[in-house]
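K.L.:
Okay, sequence plus prediction incoming.
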Amino acid sequence: MTDLPQRPTAHAAGVPASDVPASQVPASDVLVSARGLEVHFPVRAGGALRRATGVLRAVDGVDLDIRRGETLGLVGESGCGKSTLGNALLRLVEPTGGTVTFDGTDVTGLDRRALRALRRRAGMVFQDPFASLDPRRTVRQTVSEPLEVHGLRSGRRERAERVAELLELVGLDPAVADRYPHEFSGGQRQRVGIARALAGEPDFLVCDEAIASLDVSVQAQVLNLLRRLQRQLGLTLLFISHDLSAVRYVSDRIAVMYLGRVVEVGPASAVGSDPQMPYTQALLSAVPVPHPSLERTRQRIVLRGDVPSPAAVPSGCRFRTRCPYAFEPCPDVDPALQPVGAPGQLAACHLHGVVGRPVERAEEAVPAAE
Amino acid sequence: MTGAPLPEPAASPTATEEGVPSTARPPQPRWRQTLVLLARNPTAAVAGTVLLLIVLTAVFDEAIAPTGPNEIAVEDRLQPPSLAHPFGTDDLGRDILSRVILGAAVSLRVGFLAVTFALVVGALIGLLAGYYGRWVDDVLMRFMDILFAFPAVLLAIAVLAVRGPGAGNTALAIGIVYVPVFARVTRASVLGVREDVYVRASRSVGASDWRLLTRHVLPNAAPPIIVQTSISLAFAVLAEAALSFLGLGTQPPNPSWGLMLAEGRGFIDLAWWLAFFPGMAIFLTVLCFNLLGDGLRDVLDPRQRTLMAGSGR
């Protein structure tokens, strides 16, 4: 283990736990908001009965606010629940607990018709552009599907015009509308995917690893396209990626996920330069610096062990099994997000004062009673 | 520590990075691609052509057949093949060539009806079971397992025993026997397609289940079902022959290949042509459907498609 970079001072333990997290921003500025969001999958045994033998906590109590018009970057290791969270916000995966609010309405209880209206206002760009386009449908059919579904442009002419407009918007020649996906390169396919997501004129776009399967040279182009569209159309963007440099490039704010929970969130500059949560510090220390002498002095925090299975989440702070600073309250109190560091920065770490819900442990007495 | 802004690469909105030539070429519909590929496969092409001839014969049977099916000429009975009667005559002096031609219509009609029934019902069941999963899958597929557990001929005989013989009922009986086959093939294919990202992508823009099923899942799950249809047609023609042979299908004096085979059986040592020509007709039809099915299996394989797409047509 290497030396510790600016270690935050530990406050005294014993701050009373609070169930309701502090609101991160004024409600009117928030477009999408998650409170205590959970997506648990049953782990089933093989065999005819398919008994549930455990629970996989893909998303496990996420509190997150996404402001109107901002780009929120969501980072974390593979398997930490980033994608599941993005899917759950759009109800492409059914949440098993908590709430998601979209522009003031709780979407967790929406019926079929209301859900369809939500689908128009919130779109998704998928990771693999080779898988996300139906190979048997032309670009025109794919891009105009949202128009047909929502009855947006009636008539062939109007739809054709809109498709041409959308293709131009994402930087494609409208003349290619009648081609099939296999005739395009990865970057071009991703542009088609973005055009489809924009067809319903959404307010909110989830980009789920949207550049991860593209060539590096094309990644920058798609990244710039997303930035341009975000500014041009006033979109709110959730940019999910494991690529920290890309996230820092596009995001206004960054949220860090670990094992199904958002553990730190704040302005991109603050989270990027002065992370308050040991996990974020380790994550950032792994990013290469594009400057030879700085790169040589870069100190890496190498975490011990592997990410625990989301089917067996550690008690209390879920990062404690790998945290270099773990101390007494960590196994006993599940840390809540609390304001630390820069304005608007929140981190879930007992080093800034023990805030959170005590864990009930069978054998031992709970130290901090409510 | 925010990264320096990358330069926006091209100011023009129509920048294509790897540059597909922008000359628009009219797209080739899938079914035409399939036909072109099929024509390149010699076995399948020959089988398809022969089948087409057989089907045309069945359609224009009365125009082609030299005599009616039941024109009895006692003085000409059991004649060996000759110029007047190329396939010979049977024990009642009926022209066997005419009966084989007219029997084609009966055999193929029953075959097509049976497979259509099995395809529609089976594919629907498989689609629902595969797409919705859970209890829908359990209930539907256990029911299919029960049907599947009966020996095919026994099940068909049971249906015919209840509903009585005749062409329509024969088709129904054979159709019911093949429903579980189509249900299973469809379900397996749908299970694979259901998880594809483009299905989720379509749902993310608000497409209904019905739209997902008809526009995305079914077209992409279709190739194995098409192959199964071709092969099942062979089995259905064979099953019709078997049931008619047993006296449960087509009733005399109507001609059907299976029935003619049964009637000719008694004369096999005296007049081989009674059983030989209808038998050849069955053999040829079944063989062609099977070869066509094999050819379709190759052509509809997505990897073959990609190869073709890569070769620049």
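P.N.:
Arrived safely, thanks for sending.

K.L.:
how close does the closest residue to A:His150 other than its chain neighbours get to A:Val170?
P.N.:
Closest residue in space to A:His150, ignoring its immediate chain neighbours: A:Arg120 at 5.0 Å, by C-beta to C-beta, 6 or more residues apart in numbering or on different chains. No exception for glycine: its C-beta is placed from N, CA and C like everyone else's. Distance of A:Arg120 to A:Val170, given as C-beta to C-beta, to the nearest Å: 18 Å.

K.L.:
quick one, which of those two is more surrounded?
P.N.:
Between A:Arg120 and A:Val170, A:Val170 has the larger neighbour count (other C-beta atoms under 10 Å in any protein chain shown), namely 24 against 18.

K.L.:
Surely that one and A:Val192 touch.
P.N.:
Yes. Using C-beta atoms under 8 Å, A:Val170 is in contact with A:Val192, at 7.5 Å.

K.L.:
residues bridging contact with the two, i.e. touching both?
P.N.:
Both A:Val170 and A:Val192 lack any common contact, where contact means C-beta atoms under 8 Å, 6 or more residues apart in numbering or on different chains.

K.L.:
Report the residue spans of chain A with pLDDT below the cut-off.
P.N.:
When residues are selected by pLDDT under 70, those of chain A lie in A:1-28, A:46-50, A:360-370.

K.L.:
List the residues that contact the residue of it at minimum distance from chain B.
P.N.:
Residue nearest to chain B within chain A: A:Arg119 (3.3 Å; C-beta to the nearest C-beta). Applying C-beta under 8 Å, 6+ apart to A:Arg119 gives the contacts A:Leu90, A:Val149, A:Gly200, B:Arg203, B:Ser204, B:Val205, B:Gly206.

K.L.:
for B:Pro81, same thing?
P.N.:
With contacts defined as C-beta under 8 Å, 6+ apart, the neighbours of B:Pro81 are B:Phe87, B:Gly88, B:Trp273.

K.L.:
Would you format those residues as JSON lines with distance to B:Ala242 and pLDDT included?
P.N.:
Shown next, in JSON lines, are these (distance: C-beta to C-beta, whole Å; pLDDT from 0 to 100):
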{"residue": "B:Phe87", "distance to B:Ala242": "22", "pLDDT": "80"}
{"residue": "B:Gly88", "distance to B:Ala242": "24", "pLDDT": "75"}
{"residue": "B:Trp273", "distance to B:Ala242": "21", "pLDDT": "86"}
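
K.L.:
got TSV for those, with neighbour count and distance to chain A too?
P.N.:
Below are the contacts of B:Pro81 laid out as TSV (neighbours: other C-beta atoms under 10 Å in any protein chain shown; distance: C-beta to the nearest C-beta, whole Å):
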residue	neighbour count	distance to chain A
B:Phe87	23	46
B:Gly88	22	51
B:Trp273	21	50
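
K.L.:
Give me the nearest residue to B:Phe182, chain neighbours excluded.
P.N.:
Closest to B:Phe182 by C-beta to C-beta, 6+ apart is B:Gly122, at 2.6 Å.

K.L.:
who touches the one you found in this structure?
P.N.:
Shown in contact with B:Gly122 (C-beta under 8 Å, 6+ apart): B:Tyr178, B:Val179, B:Pro180, B:Val181, B:Phe182, B:Ala183, B:Val185, B:Thr186.

K.L.:
of those residues, closest to B:Leu246?
P.N.:
The nearest member of the contacts of B:Gly122 to B:Leu246, counting by C-beta to C-beta, is B:Tyr178 at 18.1 Å.

K.L.:
can you count the residues close to the closest residue to that closest one other than its chain neighbours?
P.N.:
Excluding its sequence neighbours, the residue lying closest to B:Tyr178 (C-beta to C-beta, 6+ apart) is B:Ala118, at 3.6 Å. Per other C-beta under 10 Å, the neighbour tally for B:Ala118 reads 25.

K.L.:
B:Val193 now?
P.N.:
Based on other C-beta under 10 Å, the number of other residues close to B:Val193 is 19.

K.L.:
same deal with B:Thr89?
P.N.:
Number of residues near B:Thr89 (other C-beta under 10 Å) recorded here: 27.

K.L.:
give me the beta-bridge partners of it?
P.N.:
Assessed by DSSP bridges, B:Thr89 has beta-bridge partners B:Asp95.

K.L.:
so can I have CSV of the contacts of B:Gly122 showing distance to B:Leu172, neighbour count and secondary structure?
P.N.:
Output for the contacts of B:Gly122, formatted as CSV (distance: C-beta to C-beta, whole Å; neighbours: other C-beta atoms under 10 Å in any protein chain shown; DSSP: H, G, I helix; E, B strand; the rest coil):
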residue, distance to B:Leu172, neighbour count, secondary structure
B:Tyr178, 11, 25, helix
B:Val179, 11, 23, helix
B:Pro180, 15, 23, helix
B:Val181, 16, 21, helix
B:Phe182, 15, 26, helix
B:Ala183, 17, 28, helix
B:Val185, 20, 20, helix
B:Thr186, 20, 27, helix
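
K.L.:
element containing the residue nearest to A:His150, please.
P.N.:
Taking DSSP states H and E as the criterion, A:Arg120 maps to helix A:112-121.

K.L.:
now the next helix or strand after that helix, how far from the chain's geometric center?
P.N.:
The helix or strand immediately downstream of helix A:112-121 is strand A:122-125, counting by DSSP H and E. Taking C-alpha atoms, centre = their mean, to the nearest Å, the mean C-alpha location of strand A:122-125 is offset from the chain mean by 13 Å.

K.L.:
Name the residues that touch strand A:122-125?
P.N.:
Residues from elsewhere that reach strand A:122-125 (C-beta under 8 Å, 6+ apart): A:32, A:86-87, A:89-90, A:92, A:102, A:146, A:190, A:193-194, A:196-198, A:200, A:202-208, A:210, B:201, B:204-205.
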